[in-house]
Structures are given as structure tokens and as C-alpha cells.
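Chemist: Next come a sequence and a model predicted from it.
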Amino acid sequence: MMLKDMKRMPEAIQLIEKASIMYVENGTSGTAGMALDRAGKLIESIDLEKAVDLYQKAASVFEVRKQQHLSELSRTPSPWCSVLDEAALSLQKEKNMYKEIENYPTCFKKTIAQVLVHLHRGDFVAADKCVRESYSLPGFSGSEDCVSMETLLAAYDEQDEEQLSRVCNSPLLKYMDNDYAKLAISLKVPGGGNKKKKAQSTTAPAGGSGGHEAAADNDDDYEGGLC
């Protein structure tokens, strides 16, 4: 803070980065991430590229922490949802920074990650908003990323489990960073598509087993989602 007051910002940032390393070594990676995030805010108006670098480092720290606790969090809904909330905020910040430096292809990928995170949070409106906001990015509208997300949102909204599964298992999503790929393959429509399956089963012949088979086919290892 003294270096900041003395307008020696690069030196101040160096000390914050050193502190973040010490925080990580001490096992307090959350504090390290917050320190890096604060450093990014301090230098954003002076050196945007350095701010982006700091935000990326902060995101990496949070990502490492998330991976360390992934197995535990996936079994405990409340903490997992807390991590998703944190991820949603981090992704928006990263996306804004990439937009500032006009790295639009990376913005597209951040949009996909945002949609996956928001849908696992059960917030369809936020997911839809992320896609709509991305229409302003040059090259997004009509791109493979855009079409896939529009299809994914429509499938989720219409409770079309088969269509959602096709999108989530497409190469575009399967070969994302490991954690986001996991979010993709574990994503299910609200209710697991039960509503749609039951509606179809009512057309089965009287006395037939179609309804029971449809219900059985809908059993799901991931039913209930992560939250």
C-alpha cells in the first residue's frame, strides 16, 4: 500500500505476486487468489495486459483449489454450488478482460464455460443472458460455439434429454478443459427429462409395457445434478 501511495505500482504488484506464492505454499490458496485479483484491479487502468495476466493467475489458483476438492465437493451439494458461484464470477471477469484485448475466440470458449456453470447452478436465465451478450462479439453469431449453445439452451428449456446429450457429448464440449468437460457430460435437463418421457408413454397401447420401459430407460447416474 505504501508503494501504491508512492506511485510505484510495478513494485507493489511484484510484492503482491510474491505474497500470493507464499499464501499458496501456506495452504491458503483462496487468499492468494484474492490477492492476485486485487492486484489486477490496482493496475488495470495503468497496464491492461498485466492486469489480464494477474486475473489469469488468480483464476488458475482458484482452479487448482477446485480440483483439489473436486471429489469431496461433488458429494456435498452446498459447497459445490458455492464453488460454481465463484466460478461464474471468475469466468465473467476473464471474459471481460479477453474482450478488452480483442481475443474473441477465447471469449467464445468462456461463454460455453459460463453456460455450463450457470445451468449446473440451475440458473437458465443467467446462461441465456451470457449467450445473448456474446452476440455483440465479432464472429460469435452463427459460429459453431454459438449454434451449440443455442441448441443446448433450447434442449434444456424444452427438457429434451436426447438433444442435450448430443450437444454435451460433441467434440466441442468433450475436449474442453477437464473440469468443464465433466460439467458437460454430467449436465441433465430439469427433472432428468421425466416429464417428456411420461408424456410420450401415454400413447402406448393399453396394457403394454411402453410406459414402464420409458421410465426404466430414464434412470440416470447423475439424476439430481451437482446442486
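Modeler: Yep, it's here.

Chemist: quick check: domain ranges of this protein?
Modeler: As given by the TED database, the domain ranges for the chain are 9-73, 79-186.

Chemist: Make TSV from those and add mean neighbour count to it.
Modeler: Any C-beta I mention is one placed from the backbone N, CA and C, and that applies to glycine too. As requested, these are exported to TSV (neighbours: other Cβ atoms under 10 Å):
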stretch	mean neighbour count
domain 9-73	17
domain 79-186	18
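
Chemist: Worst mean pLDDT among those?
Modeler: Mean pLDDT per stretch puts domain 9-73 lowest among the domains of the chain, at a mean of 77.

Chemist: can you give me the offset of that one from its chain's centre?
Modeler: In this view, domain 9-73 has its centroid 19 Å away from the chain centroid, taken as Cα atoms, centre = their mean, to the nearest Å.

Chemist: I'd assumed A51 was in contact with M97.
Modeler: Yes: taking contacts as Cβ atoms under 8 Å, M97 lies within contact range of A51: 6.9 Å.

Chemist: okay, the domains of the chain in TSV with distance to M1 next?
Modeler: Listed next are the domains of the chain as TSV, based on distance: least, Cβ to Cβ, whole Å:
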stretch	distance to M1
domain 9-73	8
domain 79-186	23
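
Chemist: what about S141, is that helix, strand or coil?
Modeler: What DSSP: H, G, I helix; E, B strand; the rest coil gives for S141 is coil.

Chemist: Quick check: phi and psi on it?
Modeler: phi -60, psi 120 (degrees, to the nearest 10).

Chemist: Thought Y135 was touching it, still the case?
Modeler: Yes: in this structure, S141 is within contact of Y135 by Cβ under 8 Å, at 5.2 Å.

Chemist: Spit out the residues that contact these two alike.
Modeler: Shared contacts of S141 and Y135 (Cβ atoms under 8 Å, 6 or more residues apart in numbering): none.

Chemist: and G211, what pLDDT?
Modeler: Confidence for G211, expressed as pLDDT, is 41.

Chemist: when you give positions from now on, start the count at 41
Modeler: Yep, numbering from 41; the last one is G251 now.

Chemist: Relative to Y138, how far out is the residue nearest to G179 when sequence neighbours are not counted?
Modeler: If the residues on either side of it in the chain are set aside, G179 comes closest to Y144, at 5.8 Å by Cβ to Cβ, 6 or more residues apart in numbering. As judged by Cβ to Cβ, to the nearest Å, Y144 and Y138 stand 8 Å apart.

Chemist: Repeat that for Q199.
Modeler: 33 Å.

Chemist: try S85
Modeler: Counting by Cβ to Cβ, the gap from S85 to Y138 is 18 Å.

Chemist: Ok, R206 next?
Modeler: Taking Cβ to Cβ, one finds R206 at 28 Å from Y138.

Chemist: L223 now?
Modeler: L223 is 20 Å from Y138, by Cβ to Cβ.

Chemist: cool, and A224?
Modeler: 21 Å.

Chemist: rewinding a little: in contact with the residue nearest to G179: list those residues for me.
Modeler: Taking Cβ under 8 Å, 6+ apart as the test, what Y144 contacts is 138, 177-180.

Chemist: What helix or strand is the nearest residue to Y63 once chain neighbours are set aside located in?
Modeler: Closest residue in space to Y63, ignoring its immediate chain neighbours: A72 at 3.7 Å, by Cβ to Cβ, 6+ apart. A72 is part of helix 69-83, with elements assigned from DSSP states H and E.
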